[in-house]
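Asks: Turn this into a structure:
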Amino acid sequence: MARIRLNQEYRNKVANRIKQSLFQEDTQEKKKYDTLKGEQVDLNDKAWSVAKDIVRRHYTEEDVEKAYYLQNKFENVSTIAKDSCFHFHYLGTKEKTNYDNEVVSIEENVPIEKHFDFRLNGDIDETNNYSSNRDQSYGFALFRDEINAQEDCNADILIEQADKDDNPHKRKFVENNEKYLGLSGGRNNETKYGREWNEKYQLDLIGRDYCRDRSIACEKEEFDFLITWKKQKSAFVMAHSKWIESVLKQMKEIKLGLKGYKWLDEAIELATELGLSINDAEIIRTNSTGLVIYNPKNLAERIKGMKNTEKTREQKIAERVAYMQQQQTNSDNLN
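Replies: Residues are numbered from 1 along each chain as shown. Here you go, the predicted structure:
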(Lines give C-alpha, C1' and ligand atoms only; values in the text may rest on other atoms or scores of the structure.)
Protein backbone atom coordinates (compact mmCIF):
# COMPACT_ATOMS: atom_id res chain seq x y z
CA MET A 1 0.00 0.00 0.00
CA ALA A 2 1.35 3.40 -1.05
CA ARG A 3 2.38 5.77 1.73
CA ILE A 4 0.12 8.79 2.24
CA ARG A 5 1.71 12.21 2.17
CA LEU A 6 1.19 14.34 5.27
CA ASN A 7 -0.45 17.57 4.12
CA GLN A 8 -1.44 20.48 6.37
CA GLU A 9 -5.00 19.23 6.81
CA TYR A 10 -3.78 15.88 8.12
CA ARG A 11 -1.19 17.58 10.33
CA ASN A 12 -3.92 19.67 11.94
CA LYS A 13 -6.16 16.64 12.47
CA VAL A 14 -3.40 14.62 14.12
CA ALA A 15 -2.37 17.61 16.26
CA ASN A 16 -5.95 18.19 17.42
CA ARG A 17 -6.39 14.53 18.36
CA ILE A 18 -3.15 14.60 20.34
CA LYS A 19 -4.14 17.85 22.05
CA GLN A 20 -7.48 16.38 23.11
CA SER A 21 -5.64 13.40 24.53
CA LEU A 22 -3.17 15.59 26.45
CA PHE A 23 -6.03 17.43 28.13
CA GLN A 24 -7.43 14.11 29.35
CA GLU A 25 -4.16 12.84 30.83
CA ASP A 26 -4.11 12.60 34.63
CA THR A 27 -0.90 14.61 35.06
CA GLN A 28 0.38 16.38 38.17
CA GLU A 29 -0.69 19.70 36.70
CA LYS A 30 -4.22 18.52 35.98
CA LYS A 31 -4.55 16.81 39.37
CA LYS A 32 -3.62 20.02 41.16
CA TYR A 33 -6.13 22.00 39.11
CA ASP A 34 -8.88 19.44 39.76
CA THR A 35 -8.10 19.28 43.49
CA LEU A 36 -8.16 23.06 43.95
CA LYS A 37 -11.29 23.36 41.82
CA GLY A 38 -13.09 20.95 44.15
CA GLU A 39 -12.23 23.19 47.11
CA GLN A 40 -13.55 26.46 45.69
CA VAL A 41 -17.19 26.33 46.83
CA ASP A 42 -16.27 25.59 50.44
CA LEU A 43 -13.45 28.14 50.28
CA ASN A 44 -15.77 30.94 49.13
CA ASP A 45 -18.52 29.99 51.57
CA LYS A 46 -16.15 30.16 54.56
CA ALA A 47 -14.75 33.52 53.47
CA TRP A 48 -18.27 34.82 52.92
CA SER A 49 -19.26 33.75 56.42
CA VAL A 50 -16.40 35.82 57.84
CA ALA A 51 -17.26 38.84 55.67
CA LYS A 52 -20.93 38.60 56.58
CA ASP A 53 -20.13 38.59 60.31
CA ILE A 54 -17.96 41.70 59.89
CA VAL A 55 -20.64 43.56 57.94
CA ARG A 56 -23.51 42.62 60.25
CA ARG A 57 -21.61 43.82 63.32
CA HIS A 58 -21.48 47.23 61.68
CA TYR A 59 -24.81 47.24 59.84
CA THR A 60 -27.13 45.21 62.04
CA GLU A 61 -30.33 43.56 60.84
CA GLU A 62 -32.26 46.24 62.75
CA ASP A 63 -30.32 48.98 60.95
CA VAL A 64 -31.09 47.38 57.59
CA GLU A 65 -34.79 47.10 58.44
CA LYS A 66 -34.96 50.79 59.44
CA ALA A 67 -33.10 51.86 56.31
CA TYR A 68 -35.51 49.94 54.09
CA TYR A 69 -38.44 51.46 55.99
CA LEU A 70 -37.20 54.99 55.33
CA GLN A 71 -36.30 54.25 51.72
CA ASN A 72 -39.72 52.78 51.02
CA LYS A 73 -41.50 55.64 52.81
CA PHE A 74 -39.71 58.57 51.15
CA GLU A 75 -39.13 58.85 47.42
CA ASN A 76 -36.00 61.00 47.84
CA VAL A 77 -34.25 58.52 50.15
CA SER A 78 -31.86 56.05 48.57
CA THR A 79 -29.58 54.78 51.28
CA ILE A 80 -29.49 51.00 51.05
CA ALA A 81 -28.60 48.50 48.34
CA LYS A 82 -27.16 45.03 47.89
CA ASP A 83 -23.44 44.66 47.35
CA SER A 84 -20.79 41.95 47.07
CA CYS A 85 -17.59 43.90 47.56
CA PHE A 86 -16.27 45.51 50.71
CA HIS A 87 -13.38 47.50 52.12
CA PHE A 88 -12.29 46.12 55.48
CA HIS A 89 -9.63 47.53 57.76
CA TYR A 90 -7.99 47.00 61.13
CA LEU A 91 -5.67 49.22 63.17
CA GLY A 92 -2.09 48.08 62.84
CA THR A 93 1.50 49.10 62.14
CA LYS A 94 2.51 50.42 58.73
CA GLU A 95 6.07 50.75 57.47
CA LYS A 96 7.10 53.38 54.94
CA THR A 97 10.00 52.50 52.64
CA ASN A 98 12.16 54.42 50.17
CA TYR A 99 13.09 53.48 46.61
CA ASP A 100 15.69 51.04 47.94
CA ASN A 101 12.95 49.31 49.96
CA GLU A 102 14.55 50.51 53.19
CA VAL A 103 12.25 51.31 56.12
CA VAL A 104 12.34 55.07 56.74
CA SER A 105 9.47 55.38 59.21
CA ILE A 106 6.96 53.33 61.17
CA GLU A 107 3.39 54.40 61.86
CA GLU A 108 1.42 52.71 64.61
CA ASN A 109 -2.32 52.38 65.15
CA VAL A 110 -3.17 53.29 61.55
CA PRO A 111 -5.88 51.71 59.34
CA ILE A 112 -4.63 48.78 57.24
CA GLU A 113 -7.24 48.47 54.50
CA LYS A 114 -7.92 46.12 51.59
CA HIS A 115 -10.70 45.54 49.10
CA PHE A 116 -12.47 42.16 49.03
CA ASP A 117 -14.73 41.35 46.08
CA PHE A 118 -16.95 38.24 46.11
CA ARG A 119 -18.33 38.65 42.59
CA LEU A 120 -17.49 35.96 40.05
CA ASN A 121 -15.29 38.42 38.16
CA GLY A 122 -14.05 40.18 41.29
CA ASP A 123 -10.38 41.10 41.57
CA ILE A 124 -8.24 38.37 43.22
CA ASP A 125 -4.97 40.30 43.60
CA GLU A 126 -4.39 40.66 47.35
CA THR A 127 -2.18 43.72 46.75
CA ASN A 128 -4.90 45.61 44.86
CA ASN A 129 -7.16 48.05 46.67
CA TYR A 130 -9.38 49.33 43.86
CA SER A 131 -13.05 48.35 43.74
CA SER A 132 -13.28 48.99 39.98
CA ASN A 133 -10.86 46.21 39.02
CA ARG A 134 -12.22 43.06 37.39
CA ASP A 135 -10.62 39.67 36.80
CA GLN A 136 -12.16 37.12 34.42
CA SER A 137 -9.51 34.46 35.02
CA TYR A 138 -11.17 32.99 38.12
CA GLY A 139 -14.56 32.47 36.46
CA PHE A 140 -12.92 31.06 33.34
CA ALA A 141 -10.95 28.56 35.43
CA LEU A 142 -13.90 27.58 37.64
CA PHE A 143 -16.37 27.03 34.78
CA ARG A 144 -13.83 25.80 32.22
CA ASP A 145 -15.75 22.69 31.15
CA GLU A 146 -19.04 24.55 30.80
CA ILE A 147 -17.44 27.36 28.78
CA ASN A 148 -15.51 25.04 26.45
CA ALA A 149 -18.68 23.08 25.70
CA GLN A 150 -20.07 26.20 23.99
CA GLU A 151 -19.47 27.19 20.39
CA ASP A 152 -16.98 30.05 19.94
CA CYS A 153 -15.97 29.99 23.61
CA ASN A 154 -12.54 29.20 25.04
CA ALA A 155 -11.89 29.24 28.79
CA ASP A 156 -8.12 29.02 28.19
CA ILE A 157 -7.91 32.08 25.95
CA LEU A 158 -6.23 34.34 28.53
CA ILE A 159 -3.47 31.76 29.00
CA GLU A 160 -3.05 31.12 25.28
CA GLN A 161 -2.78 34.87 24.64
CA ALA A 162 -0.78 35.76 27.76
CA ASP A 163 2.27 37.04 25.85
CA LYS A 164 0.31 38.82 23.13
CA ASP A 165 -1.17 42.30 22.85
CA ASP A 166 -4.91 42.79 22.80
CA ASN A 167 -6.31 41.60 19.48
CA PRO A 168 -9.66 40.73 17.83
CA HIS A 169 -9.15 36.98 18.30
CA LYS A 170 -8.63 37.36 22.05
CA ARG A 171 -11.48 39.88 22.48
CA LYS A 172 -13.89 37.62 20.61
CA PHE A 173 -13.43 34.68 22.96
CA VAL A 174 -13.21 36.78 26.13
CA GLU A 175 -16.48 38.52 25.27
CA ASN A 176 -18.18 35.24 24.37
CA ASN A 177 -17.00 33.65 27.61
CA GLU A 178 -18.26 36.60 29.65
CA LYS A 179 -21.61 36.56 27.88
CA TYR A 180 -22.05 32.85 28.54
CA LEU A 181 -21.18 33.23 32.22
CA GLY A 182 -23.56 36.16 32.58
CA LEU A 183 -20.81 38.68 33.29
CA SER A 184 -21.93 41.00 30.50
CA GLY A 185 -25.12 41.97 28.74
CA GLY A 186 -26.93 43.41 31.75
CA ARG A 187 -30.17 42.08 33.16
CA ASN A 188 -31.31 40.80 29.78
CA ASN A 189 -28.57 38.19 29.86
CA GLU A 190 -30.40 34.96 30.65
CA THR A 191 -27.27 32.98 31.53
CA LYS A 192 -27.43 31.92 35.16
CA TYR A 193 -23.85 31.37 36.34
CA GLY A 194 -22.89 34.99 37.00
CA ARG A 195 -26.29 35.98 38.34
CA GLU A 196 -26.63 33.00 40.67
CA TRP A 197 -23.09 33.45 41.95
CA ASN A 198 -23.47 37.17 42.65
CA GLU A 199 -26.89 36.75 44.25
CA LYS A 200 -25.45 34.12 46.60
CA TYR A 201 -22.71 36.44 47.78
CA GLN A 202 -24.42 39.77 48.45
CA LEU A 203 -25.64 41.70 51.47
CA ASP A 204 -27.81 44.74 52.16
CA LEU A 205 -25.48 47.65 52.88
CA ILE A 206 -26.28 51.15 54.07
CA GLY A 207 -24.43 54.10 52.57
CA ARG A 208 -23.29 55.40 49.22
CA ASP A 209 -22.95 53.43 46.02
CA TYR A 210 -19.19 52.98 46.29
CA CYS A 211 -17.77 50.43 48.70
CA ARG A 212 -14.68 52.59 49.28
CA ASP A 213 -16.97 55.09 51.07
CA ARG A 214 -17.84 52.54 53.69
CA SER A 215 -14.65 50.88 54.92
CA ILE A 216 -15.67 48.61 57.76
CA ALA A 217 -13.55 47.79 60.80
CA CYS A 218 -12.66 44.17 61.50
CA GLU A 219 -10.31 42.10 63.61
CA LYS A 220 -6.79 41.42 62.30
CA GLU A 221 -7.49 37.67 62.36
CA GLU A 222 -10.54 38.19 60.13
CA PHE A 223 -8.55 40.44 57.81
CA ASP A 224 -5.74 37.88 57.53
CA PHE A 225 -8.25 35.10 56.83
CA LEU A 226 -9.71 37.04 53.91
CA ILE A 227 -6.25 37.84 52.55
CA THR A 228 -5.54 34.10 52.60
CA TRP A 229 -8.83 33.52 50.77
CA LYS A 230 -7.71 35.80 47.94
CA LYS A 231 -4.34 34.04 47.81
CA GLN A 232 -6.06 30.65 47.57
CA LYS A 233 -8.21 31.87 44.68
CA SER A 234 -5.05 33.13 42.97
CA ALA A 235 -3.41 29.73 43.54
CA PHE A 236 -6.34 28.04 41.79
CA VAL A 237 -6.02 30.39 38.81
CA MET A 238 -2.28 29.69 38.74
CA ALA A 239 -2.93 25.93 38.76
CA HIS A 240 -5.21 26.38 35.74
CA SER A 241 -2.49 28.39 33.99
CA LYS A 242 0.27 25.87 34.70
CA TRP A 243 -1.84 22.96 33.47
CA ILE A 244 -2.75 24.68 30.21
CA GLU A 245 0.79 26.01 29.74
CA SER A 246 2.09 22.45 30.12
CA VAL A 247 -0.19 21.26 27.32
CA LEU A 248 0.64 24.25 25.11
CA LYS A 249 4.36 23.64 25.60
CA GLN A 250 3.95 20.04 24.53
CA MET A 251 1.83 21.03 21.54
CA LYS A 252 4.46 23.52 20.38
CA GLU A 253 7.00 20.71 20.22
CA ILE A 254 4.50 18.35 18.60
CA LYS A 255 3.59 20.82 15.87
CA LEU A 256 7.25 21.44 15.15
CA GLY A 257 7.78 17.70 14.78
CA LEU A 258 4.71 17.25 12.59
CA LYS A 259 5.93 20.04 10.36
CA GLY A 260 9.06 18.04 9.63
CA TYR A 261 7.26 14.79 8.86
CA LYS A 262 6.63 13.90 5.24
CA TRP A 263 4.32 10.88 5.62
CA LEU A 264 1.10 10.31 7.52
CA ASP A 265 2.38 7.08 9.07
CA GLU A 266 5.13 9.07 10.81
CA ALA A 267 2.53 11.28 12.47
CA ILE A 268 0.49 8.23 13.47
CA GLU A 269 3.61 6.60 14.92
CA LEU A 270 4.16 9.70 17.06
CA ALA A 271 0.57 9.53 18.30
CA THR A 272 1.03 5.83 19.09
CA GLU A 273 4.22 6.50 21.05
CA LEU A 274 2.28 9.11 23.05
CA GLY A 275 -0.34 6.50 23.93
CA LEU A 276 -3.01 7.58 21.44
CA SER A 277 -4.51 4.96 19.16
CA ILE A 278 -5.45 6.37 15.74
CA ASN A 279 -5.11 5.14 12.15
CA ASP A 280 -4.74 6.73 8.74
CA ALA A 281 -8.34 5.93 7.76
CA GLU A 282 -9.62 7.81 10.79
CA ILE A 283 -7.53 10.90 9.97
CA ILE A 284 -8.58 10.87 6.31
CA ARG A 285 -12.20 10.23 7.08
CA THR A 286 -12.73 12.78 9.84
CA ASN A 287 -12.68 15.65 8.20
CA SER A 288 7.68 20.92 5.66
CA THR A 289 10.27 21.87 5.57
CA GLY A 290 11.75 21.49 9.07
CA LEU A 291 15.52 21.40 9.21
CA VAL A 292 15.40 18.42 11.57
CA ILE A 293 13.23 15.37 10.92
CA TYR A 294 12.08 14.29 14.41
CA ASN A 295 12.17 10.59 15.16
CA PRO A 296 8.61 9.86 16.44
CA LYS A 297 9.79 7.74 19.37
CA ASN A 298 12.36 10.28 20.52
CA LEU A 299 9.93 13.15 20.12
CA ALA A 300 7.32 11.26 22.14
CA GLU A 301 9.85 10.84 24.97
CA ARG A 302 10.58 14.58 24.92
CA ILE A 303 6.87 15.37 25.13
CA LYS A 304 6.38 12.97 28.04
CA GLY A 305 9.21 14.71 29.86
CA MET A 306 7.39 18.03 29.78
CA LYS A 307 4.73 16.97 32.31
CA ASN A 308 4.79 15.65 35.87
CA THR A 309 7.79 17.91 36.47
CA GLU A 310 7.39 18.18 40.25
CA LYS A 311 9.88 15.93 42.00
CA THR A 312 9.50 14.32 45.40
CA ARG A 313 12.09 14.84 48.13
CA GLU A 314 13.25 11.24 47.62
CA GLN A 315 13.72 11.79 43.89
CA LYS A 316 15.77 14.93 44.51
CA ILE A 317 17.98 13.10 47.03
CA ALA A 318 18.45 10.17 44.63
CA GLU A 319 19.42 12.53 41.81
CA ARG A 320 21.88 14.32 44.07
CA VAL A 321 23.46 11.03 45.18
CA ALA A 322 23.75 9.89 41.55
CA TYR A 323 25.33 13.23 40.63
CA MET A 324 27.89 12.99 43.44
CA GLN A 325 28.72 9.41 42.46
CA GLN A 326 29.21 10.48 38.84
CA GLN A 327 31.46 13.34 39.94
CA GLN A 328 33.52 10.92 42.03
CA THR A 329 33.79 8.50 39.09
CA ASN A 330 34.95 11.32 36.80
CA SER A 331 37.52 12.38 39.39
CA ASP A 332 38.83 8.83 39.76
CA ASN A 333 39.13 8.49 35.99
CA LEU A 334 41.17 11.69 35.81
CA ASN A 335 43.51 10.42 38.48
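Asks: tell me the mean pLDDT over the one helix or strand residue 222 maps to?
Replies: In the assignment (DSSP states H and E), residue 222 maps to helix 220-260. Here helix 220-260 scores 96 as its mean pLDDT.
Asks: Could you check how far it is from the centre of its chain?
Replies: The gap between the average C-alpha position of helix 220-260 and the chain average comes to 5 Å, counting by Cα atoms, centre = their mean, to the nearest Å.
Asks: name the helices or strands packed onto it?
Replies: Judged by 3 or more Cβ pairs under 8 Å, 6 or more residues apart in numbering; DSSP states H and E, helix 220-260 is in contact with helix 8-24, helix 28-58, strand 85-97, strand 103-117, helix 137-142, helix 157-160, helix 264-273, helix 296-304. Every residue, glycine included, has its C-beta placed from N, CA and C.
Asks: Residue 249: which of the ones you listed is closest?
Replies: For the helices and strands packed on helix 220-260, the distance to residue 249 is smallest for helix 296-304, at 9.1 Å, taking Cβ to Cβ.
Asks: how much does the helix holding residue 222 deviate in direction from strand 85-97?
Replies: An angle of 90 degrees separates the directions of helix 220-260 and strand 85-97 when computed by axes from the mean of the first three to the mean of the last three Cα atoms, to 10 degrees.
Asks: show me where pLDDT drops low in the chain?
Replies: Screening the chain residue by residue with the criterion pLDDT under 70, one finds the ranges 1, 128-133, 185-191, 208-213, 286-299, 302, 311-335.
Asks: Isn't residue 119 up against residue 198?
Replies: Yes: with contacts counted by Cβ atoms under 8 Å, residue 119 reaches residue 198, the gap being 5.3 Å.
Asks: Quick check: neighbours shared by those two?
Replies: Here residue 119 and residue 198 share the contacting residues residue 84, scored by Cβ atoms under 8 Å, 6 or more residues apart in numbering.
Asks: could I get the helices and strands packed on helix 220-260 as JSON lines with mean neighbour count and distance to residue 75?
Replies: As requested, those are arranged in JSON lines below (neighbours: other Cβ atoms under 10 Å; distance: least, Cβ to Cβ, whole Å):
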{"stretch": "helix 8-24", "mean neighbour count": "16", "distance to residue 75": "56"}
{"stretch": "helix 28-58", "mean neighbour count": "16", "distance to residue 75": "27"}
{"stretch": "strand 85-97", "mean neighbour count": "15", "distance to residue 75": "28"}
{"stretch": "strand 103-117", "mean neighbour count": "14", "distance to residue 75": "31"}
{"stretch": "helix 137-142", "mean neighbour count": "24", "distance to residue 75": "37"}
{"stretch": "helix 157-160", "mean neighbour count": "20", "distance to residue 75": "45"}
{"stretch": "helix 264-273", "mean neighbour count": "20", "distance to residue 75": "70"}
{"stretch": "helix 296-304", "mean neighbour count": "16", "distance to residue 75": "68"}
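Asks: Of all these, which one comes closest to residue 310?
Replies: Distances from residue 310 to each of the helices and strands packed on helix 220-260 were compared using Cβ to Cβ; the shortest belongs to helix 28-58, at 5.3 Å.
Asks: these two touch, right, residue 263 and residue 7?
Replies: No: applying Cβ under 8 Å as the test, residue 263 and residue 7 come out as separate, 10.7 Å apart.
Asks: rewinding a little: any idea of the angle the helix holding residue 222 forms with strand 103-117?
Replies: Inter-element angle recorded for helix 220-260 and strand 103-117: 80 degrees (by the same axes, to 10 degrees).
Asks: quick one on the thing from earlier: of residue 263 and residue 7, who's got more company?
Replies: More neighbours surround residue 263 than the other of residue 263 and residue 7, with 14 against 10 (other Cβ atoms under 10 Å).
Asks: Which of the three states applies to the closest residue to that one other than its chain neighbours?
Replies: In space, not counting the residues next to it along the chain, residue 263 is nearest to residue 3; the distance is 4.8 Å by Cβ to Cβ, 6 or more residues apart in numbering. Residue 3 carries the three-state label coil when classified by DSSP: H, G, I helix; E, B strand; the rest coil.
Asks: which residues touch residue 3?
Replies: Residue 3 sits in contact with 263-265, where contact means Cβ under 8 Å, 6+ apart.
Asks: how deep is residue 197 tucked in, by neighbour count?
Replies: Other residues within reach of residue 197 by the criterion other Cβ under 10 Å amount to 23.
Asks: same question, residue 276
Replies: Here the count is done by other Cβ under 10 Å, and residue 276 has 17 residues near it.
Asks: I figured it hits residue 17, correct?
Replies: Yes: using Cβ under 8 Å, residue 276 is in contact with residue 17, at 6.4 Å.
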